[in-house]
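**Q** 3D, please:
(one chain, ligands or ions: 1)
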Amino acid sequence: MHTPGTLITSRPLDEYCGLFGLTRAALVALPGPVLDCPGGAAGLTAEARELGVTVIATDPAYAAPLPELTALARAGRDSMAARLATAPDRHLPSTHLRPERYLRSWDRARRLFAADSVARPERYVAAALPRLPFADGSFALTLSAYLLFAYPELFPPEQQLAGLLELVRVTAPDGEVRVHPLHDGAARPCPHLSRLRFALGERRVASEITRFARPGDGRTRRVLVLRRVGR
Ligand SMILES: C[S@@+](CC[C@H](N)C(=O)[O-])C[C@H]1O[C@@H](n2cnc3c(N)ncnc32)[C@H](O)[C@@H]1O
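**A** Numbers count the residues shown, from 1 in each chain. Predicted structure coming up:
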């Protein structure tokens with residue numbers, strides 16, 4: 001069900017690629033499926049299928065009926081429109097993009113999500129971190145956008161650690177987990193990230209922070225990359 005306080009957003013595949021330093025070719029070259037957690041009303045699963053890439057999306061909101069979910073996704077879009085009106089620079093994935101065009105990309109992603117989740121419901125799994133219904137090592141790559149650090153009120157440090165470990169568990173030993181952003185909704189960086197990374201290391205999970213450039217102004221985005229040690 002919908003988690004109060006979270007937005008259901010509809011990012012398209014290209015935005016995911018920009019956030020996580022991926023390309024379509026890199027997705028196609030992966031040796032196995034991708035997990036998108038949380039999937040929200042993103043277009044990633046539907047658009048990747050067109051490329052022949054299997055993406056499984058998981059989100060507790062998928063327990064809701066589709067009309068309710070798409071209404072929440074439209075509200076998420078309207079909330080982003082309001083944010084763009086006051087701070088476009090902070091929210092646009094590229095400075096080359098105009099707010100209207102960016103919002104249209106969300107509208108398209110939301111429509112693709114709605115059609116695909118009806119056509120292929122097995123790719124949209126209702127579940128919530130820190131417990132996912134997937135076997136160990138199921139995915140070649142796991143992406144987690146706008147959840148664990150974006151909503152610290154829902155994920156205190158021990159829940160963040162449990163969530164990150166669960167994402168690692170369902171990812172193949174030679175795969176990786178990528179998490180973004182590492183700040184909350186007010187752009188405040190996670191104050192205990194070093195302690196979290198230390199705790200991950202104690203559990204044989206290596207972490208690094210990779211920076212990917214935002215097109216247009218060269219500003220970088222930080223992505224937490226996790227891999228099992230001794231793979
Ligand atoms: C801001 S959206 C991000 C969606 C997508 N990754 C994107 O970037 O467009 C946050 C999503 O997290 C989901 N969510 C809330 N609690 C969750 C949990 N415990 N585990 C997984 N997803 C959760 C919400 O339902 C919502 O769809």
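**Q** which other helices and strands contact the helix or strand bottoming out on mean pLDDT in the chain?
**A** Using mean pLDDT, DSSP states H and E, helix 88-91 stands out as the lowest-scoring helix or strand of the chain, at a mean of 84. Other helices and strands packing on helix 88-91, by 3 or more CB pairs under 8 Å, 6 or more residues apart in numbering; DSSP states H and E, are helix 66-86. Where C-beta positions appear, they are placed from N, C-alpha and C, glycine not excepted.
**Q** Tell me the secondary structure of the residue of the chain at minimum distance from the ligand, please.
**A** Residue of the chain nearest the ligand, by CB to the nearest ligand atom: G40 (2.7 Å). When classified by DSSP: H, G, I helix; E, B strand; the rest coil, G40 comes out as coil.
**Q** Kindly report the same for P173.
**A** Per three-state DSSP, P173 ends up strand.
**Q** so who does the most centrally placed residue in the chain touch?
**A** Centroid-nearest residue in the chain, with CA atoms, centre = their mean: A145, separated by 2.4 Å. Applying CB atoms under 8 Å, 6 or more residues apart in numbering, one finds that A145 lies in contact with R11, Y16, L19, F20, D36, P38, A42, V179, H180, P181.
**Q** Any idea which of those the model trusts least?
**A** Across the contacts of A145, the smallest pLDDT goes to L19, namely 92.
**Q** ok but that one is inside a strand, no?
**A** No. Applying three-state DSSP, one finds L19 to be helix, outside a strand.
**Q** what's near enough to touch it?
**A** Applying CB under 8 Å, 6+ apart, the residues near L19 are R11, P93, A145, H180, F212, R221, V223.
**Q** The residue of the chain most remote from its centre and G163, how far apart?
**A** Farthest-out residue of the chain from its mean C-alpha position, per CA atoms, centre = their mean: G230, at 26.1 Å. Distance, G230 to G163, using CB to CB, to the nearest Å: 22 Å.
**Q** P93 too?
**A** The value you get for P93 to G163, if CB to CB is used, is 24 Å.
**Q** Could you do S144 as well?
**A** 8 Å.
**Q** bridging residues for R211?
**A** R222 (DSSP bridges).
**Q** doesn't G218 make contact with it?
**A** No. Using CB atoms under 8 Å, R211 is not in contact with G218, being 10.6 Å away.
**Q** Can you name the residues that contact R131?
**A** E166.
**Q** What residues are recorded as beta-bridge partners of it?
**A** Assigned bridge partners for R131, using DSSP bridges, are A128.
**Q** Can you get me a residue count around L161?
**A** Residues near L161, counting by other CB atoms under 10 Å, number 21.
**Q** Please name the nearest non-neighbouring residue to it.
**A** A199 (5.4 Å; CB to CB, 6 or more residues apart in numbering).
**Q** where's the one you found, which helix or strand?
**A** For A199, the host element (DSSP states H and E) is helix 193-202.
**Q** where along this protein do the helices fall?
**A** 13-20, 24-28, 44-50, 66-86, 88-91, 99-119, 157-169, 193-202 (DSSP state H).
**Q** for the third one, packing partners?
**A** Right, helix 44-50. helix 13-20, strand 34-36, strand 55-58, helix 99-119.
**Q** Sweet, I'm off.
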